[in-house]
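Enquirer: Only the shape, not the letters, is given here:
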Ligand SMILES: *Cc1c(COP(=O)(O)O)cnc(C)c1O
């Protein structure tokens, strides 16, 4: 007789005294989605379970959904460094090192040879010097903090010259003119929106000039009649005037992305090679490591950053140092680098992605695989693209299916394009394929 039980109505569950309290915790839409997922499961089962069992399962789902703390998400958006999804996944070796250090004590600020206090920045500094060719380097909380520290150290109450076409806002409300203002530096804009020349910088130099700043205006592009001075020209001018040139690279590529079929992106090594005095970049963008901000460049300037009391407020913890150290060790050769999830994603060939796509197409009725464009993203390179393969999942209501996939366990974030729900395979780890397929079978079936 149990198989004759009716599937309960959505409203009855929404109003159930055990379920209703979750509305304020997870929101009405999410709660409806969770009930929808559970009802799909009930319909797919051989027999409809008792109402109380359904309520209990729903409460478990809602609790998991409401649980504070981060949840893992499967990234099917095709944006590899998605800032909202936590940017670069870290390598297993980076996690292992962080875990080992977290579970015990470490030589974080202790010189084991001398048996006395050491520097928190020593180990990482050496690795960064070796990779970037810079004289010295410093790691702090993130790249925004790195820019702030540089401005605070060198430009407080003085002038910073910036090309007008580089006064950008990057994601998360980081607007260069406002950061400059907060740091107590005075902004001197030169050139026009489309054309800036080295002579514009030269004319703006004064005894009050503290820095020449170059900012990677990566999230927008001015096309047509444009000009800007090269970093090399700026470095020559800076040396002549005795004013350091700072370049905020953001992305922090330590290798040539052209090796992976993406457009070449300026690397940290190139900036150092051009004679830029200090380069700032992120740890969790193209470097493929944990959140961090790195300043690399001339030793005498890094020494001044180290002596800034503000450094204490921006310092990184041991987990970051351990994970970043392990990440940098992967830069010894290309094979090791591809143990970093970002580079494994970039290195996957279209043939490999197509091969994986077959499992989706075979399992999911009506699904098809097609060429797609994945983006590197991350605020660093929103426009840099790389060819990819995506699965199109047929659905009358793709937005609704997308919402259900987000509410699922694991949560899956997809992309909707031209009214179709797409799953781009490039940022999905191969070991996640079966989880995605199972969720879709449950929801779309
Ligand atoms: C991303 C970015 C930043 C900020 O980096 P965070 O590590 O997120 O603080 C600063 N400048 C540029 C050019 C960037 O692309």
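Expert: Done, it's in. Remember, it's a predicted structure, so these values are computed and weren't measured experimentally.

Enquirer: Tell me if I'm right that residue 269 and residue 249 touch.
Expert: No - with contacts counted by CB atoms under 8 Å, residue 269 stays clear of residue 249, the gap being 10.8 Å. Where C-beta positions appear, they are placed from N, C-alpha and C, glycine not excepted.

Enquirer: which of these two has more neighbours?
Expert: residue 249 (27 against 18; other CB atoms under 10 Å).

Enquirer: which stretch of helix or strand covers that one?
Expert: Using DSSP states H and E, residue 249 sits within strand 245-250.

Enquirer: pLDDT averaged over stretch 111-127 - what is it?
Expert: Mean pLDDT, stretch 111-127: 92.

Enquirer: My error: substitute stretch 420-436 in the last question.
Expert: For stretch 420-436, the mean confidence score works out to 96.

Enquirer: do stretch 49-59 as well
Expert: 94.

Enquirer: Residues touching that stretch, excluding its own?
Expert: 2, 5, 8, 13, 16, 18-19, 22, 34-35, 38, 41-42 (CB atoms under 8 Å, 6 or more residues apart in numbering).

Enquirer: still on that earlier bit, can you tell if whichever helix or strand comes after the strand holding residue 249 touches the ligand?
Expert: Towards the C-terminus, the helix or strand next in line after strand 245-250, according to DSSP H and E, is helix 268-273. No - residues of helix 268-273 contacting the ligand under CB under 6 Å from any ligand atom: none, with a closest distance of 11.9 Å.

Enquirer: Show me which positions of helix 268-273 end up buried.
Expert: 268-272 (16 or more other CB atoms under 10 Å).

Enquirer: tell me which of those residues is nearest to residue 120?
Expert: residue 268 (21.2 Å; CB to CB).

Enquirer: Please indicate which of the contacts of stretch 49-59 are buried?
Expert: Among these, the ones that count as buried by 16+ other CB under 10 Å are 8, 13, 16, 19, 22, 34-35, 38, 42.

Enquirer: how about those residues, which pair is most distant?
Expert: Longest span within the buried ones among the contacts of stretch 49-59, CB to CB: 22 and 42, 18.1 Å.

Enquirer: Leaving out chain neighbours, which residue sits closest to the residue most central in space within the chain?
Expert: Taking CA atoms, centre = their mean, the centroid of the chain lies closest to residue 87, which sits 2.0 Å from it. With CB to CB, 6 or more residues apart in numbering as the criterion, residue 87 has its nearest non-adjacent residue at 4.2 Å, and that residue is residue 284.

Enquirer: ok, now residue 39?
Expert: Using CB to CB, 6+ apart, the nearest residue to residue 39 is residue 7, at 6.2 Å.

Enquirer: likewise residue 407?
Expert: Nearest to residue 407 is residue 33, by CB to CB, 6+ apart, at 4.0 Å.

Enquirer: Could you report the pLDDT at the one you found?
Expert: Predicted confidence (pLDDT) for residue 33: 85.

Enquirer: which SS state does it fall under?
Expert: Look at residue 33: counting by DSSP: H, G, I helix; E, B strand; the rest coil, its state is helix.

Enquirer: contacting residues around it?
Expert: Contacts of residue 33 by CB under 8 Å, 6+ apart are 403-404, 406-407.

Enquirer: Name whatever forms a beta bridge with the one residue in the chain that gets nearest to the ligand.
Expert: Using CB to the nearest ligand atom, the closest approach of the chain to the ligand is made by residue 250 at 2.2 Å. On the basis of DSSP bridges, residue 250 is bridged to residue 281.
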